[in-house]
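Peer 1: Build me a structure from this.
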Amino acid sequence: MLDIKFIRENPEIVKQNIKNKFQDHKLPLVDEVIELDKKIRNLKAEGDLLRTKKNESSSKIGLLMREKKIEEANKLKEEVVEINKKLPALEQEEAELSAKLREKMLIIPNIIDKSVPIGKDDSENKEITRYGDPVVPDYEIPYHADIIDTFMGLDKESSARTSGNGFYYLMGDIARLHSALLSYARDFMINKGFTYCIPPFMIHSDVVNGVMSFEEMDAMMYKIENEDLFLIGTSEHSMIGKFKGQIIKESDLPLTLTSYSPCFRKEVGAHGLEERGLYRVHQFEKQEMVVICKPEDSMAWYDKMWSYTVEFFRSLDIPVRTLECCSGDLADLKVKSCDVEAWSPRQKKYFEVGSCSTLGDAQARRLSIRTKGENGTYLTHTLNNTVLATPRGLIAFIENNYQKDGSILIPKPLRMYMGGMEKITPKK
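Peer 2: Next up is the predicted model:
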């Protein structure tokens, strides 16, 4: 959410930003917000004037009564009564318009960074850099669900009975490999100096509205029936919500946190071959990193954070590339974002395994997360990044470590989590 003062003073910048995000239907909101803000300020000024007059009259009444000027005192009493009648209506109108103003402001997208390329959707994202050589071996890499099946590691028939489409049972060595990847991701970030956290997996609606746009919420979140609770789509939601309404000491910044959680999403559009695999699922697990910092430090942290994800995947012999997200692919709260994509030797292309974003002060403004330093109190900046989201990360690992004999190599960093095994072999 933008500062109303910024919108008031820079309406053309806000409108151009909306155009850059190809959301022209939101352009009228800028003028509507400015007009509402004007009405609210006028109501506030009128209310303040009446309160001042009331206080002055009230103090004079006592003096006039002591001086036996009863008629003048009664006249002032009548004025106070009239003011008391007017104030509640003014205050109610101000509150109603303020709520309407906030509702509209929440829809106006955040100002994107000048470095963000202009484009309509993810097809116009720009490749930045590749890390590692994307190899296609001289033997066939089967579809990941077929590889996992040889290890007797995936049961979607049973999950369909218990939970429906989009869920799964992982079994045996594959389930252990899945957990090993998450454990390694956890320790990888702890070794980078991040504090490990396991957050709540459900959050209130005011936290949801603080961390994401309405469009994202409708598309992603599962709501608990008859409860003001939502299942989180990523631990970023509850990790940022942790600091709702808090004033953080400037000396404590940056806060660098890495969190584990299951994630729940209303994934749509799963069709054909991918539907029987693990690309699009309603439930997955994730190791996340979250940083809360001073505004001047956020871009440096942004670059540091995505580089950690690259380093993590490269340590597992997985080639990756980074993509700069264009304006039309940025969610409304994001200032700048990039995706990390892993190489798929089966598909002979890259696919997304993580995303890094800086949101400026948008989440902090919505949730009132501030810091206090020598120069006063100000809003913090918030950033988030995927270390590992799996099963997608598991798919990337399996494909890039799959051998001609059907076994899967275990790179050295992962062996301690796999009981020292250097590879796992098929069961059938």
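
Peer 1: so what's residue 192 up against?
Peer 2: Residue 192 is in contact with 256, 258, 308, counting by Cβ atoms under 8 Å, 6 or more residues apart in numbering. Where you see a C-beta, it was placed from the backbone N, CA and C, and this is true even at glycine.

Peer 1: One more: residue 74?
Peer 2: Contacts of residue 74 by Cβ under 8 Å, 6+ apart: none found.

Peer 1: related to what we said a few turns ago, please pick the buried ones from the contacts of residue 192.
Peer 2: Listed as buried from the contacts of residue 192 are 256, 258, 308; burial here means 16 or more other Cβ atoms under 10 Å.

Peer 1: In helices, which of these fall?
Peer 2: Among the buried ones among the contacts of residue 192, the members falling in helices (DSSP state H) are residue 308.

Peer 1: Need the buried ones among the contacts of residue 192 in JSON lines (columns: distance to residue 337).
Peer 2: Formatted as JSON lines, those follow (distance: Cβ to Cβ, whole Å):
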{"residue": "256", "distance to residue 337": "19"}
{"residue": "258", "distance to residue 337": "19"}
{"residue": "308", "distance to residue 337": "16"}
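
Peer 1: so which of the buried ones among the contacts of residue 192 comes closest to residue 24?
Peer 2: residue 308 (37.0 Å; Cβ to Cβ).

Peer 1: if I look at the closest one, how far off is residue 295?
Peer 2: 21 Å (Cβ to Cβ, to the nearest Å).

Peer 1: and stretch 15-28, which residues are buried?
Peer 2: With burial defined by 16+ other Cβ under 10 Å, the residues of stretch 15-28 counted as buried are 15, 17, 18, 20, 21, 23, 26.

Peer 1: Am I right that the fourth one is in contact with residue 112?
Peer 2: In other words, residue 20. Yes. When contacts are counted by Cβ atoms under 8 Å, residue 20 is listed as touching residue 112 (6.6 Å).

Peer 1: Identify the contacts common to these two.
Peer 2: Common contacts of residue 20 and residue 112 (Cβ under 8 Å, 6+ apart): residue 327.

Peer 1: those helices in the stretch 101-250 of the chain, which residues are they?
Peer 2: Ranges of helices within the stretch 101-250 of the chain are 144-150, 156-162, 172-190, 205-211, 214-220, 235-241, based on DSSP state H, counting those that start in this stretch.

Peer 1: Give me the contact list for the last one.
Peer 2: To tie it back to what came earlier, the one meant is helix 235-241. Under Cβ under 8 Å, 6+ apart, the answer for helix 235-241 is 197, 199-201, 203, 207-208, 210-212, 232, 257, 259-261, 263, 286, 288, 290, 292, 363, 367, 369, 382, 384.

Peer 1: How about the second one?
Peer 2: The contact list for helix 156-162 (Cβ under 8 Å, 6+ apart) reads 167, 168, 169, 276.

Peer 1: could you list every residue that touches the second one?
Peer 2: If you count contacts by Cβ under 8 Å, 6+ apart, residue 168 has them with 154, 155, 156, 159, 278, 281, 391.

Peer 1: Run through the residues that contact the second one.
Peer 2: This points to residue 155. Per Cβ under 8 Å, 6+ apart, neighbours of residue 155: 168, 169, 171.

Peer 1: just checking, the second one touches residue 148?
Peer 2: Spelled out, that is residue 169. No. Counting by Cβ under 8 Å, residue 169 stays clear of residue 148, with 11.0 Å between them.

Peer 1: Which neighbours do the two have in common?
Peer 2: residue 154.

Peer 1: The contacts of helix 235-241 in strands, which ones?
Peer 2: Residues of the contacts of helix 235-241 located in strands (DSSP state E): 197, 203, 257, 259-261, 263, 286, 288, 290, 292, 382, 384.

Peer 1: Could you report the pLDDT at residue 175?
Peer 2: Note on residue 175: pLDDT of 98.

Peer 1: In the contacts of helix 156-162, which residue is surrounded by the most others?
Peer 2: residue 168 (23 neighbours; other Cβ atoms under 10 Å).

Peer 1: Please tell me the pLDDT value assigned to that one.
Peer 2: 94.

Peer 1: Residue 15 too?
Peer 2: At residue 15, pLDDT is 98.

Peer 1: List the contacts of it.
Peer 2: Residue 15 makes contacts with 27, 30, as judged by Cβ under 8 Å, 6+ apart.

Peer 1: again, only this time at 10 Å
Peer 2: Applying Cβ atoms under 10 Å, 6 or more residues apart in numbering to residue 15 gives the contacts 7, 24, 26, 27, 28, 29, 30, 31, 108.

Peer 1: likewise residue 291?
Peer 2: Counting by Cβ under 10 Å, 6+ apart, residue 291 has contacts 194, 253-258, 297-298, 301-302, 304-305, 358, 380-385.
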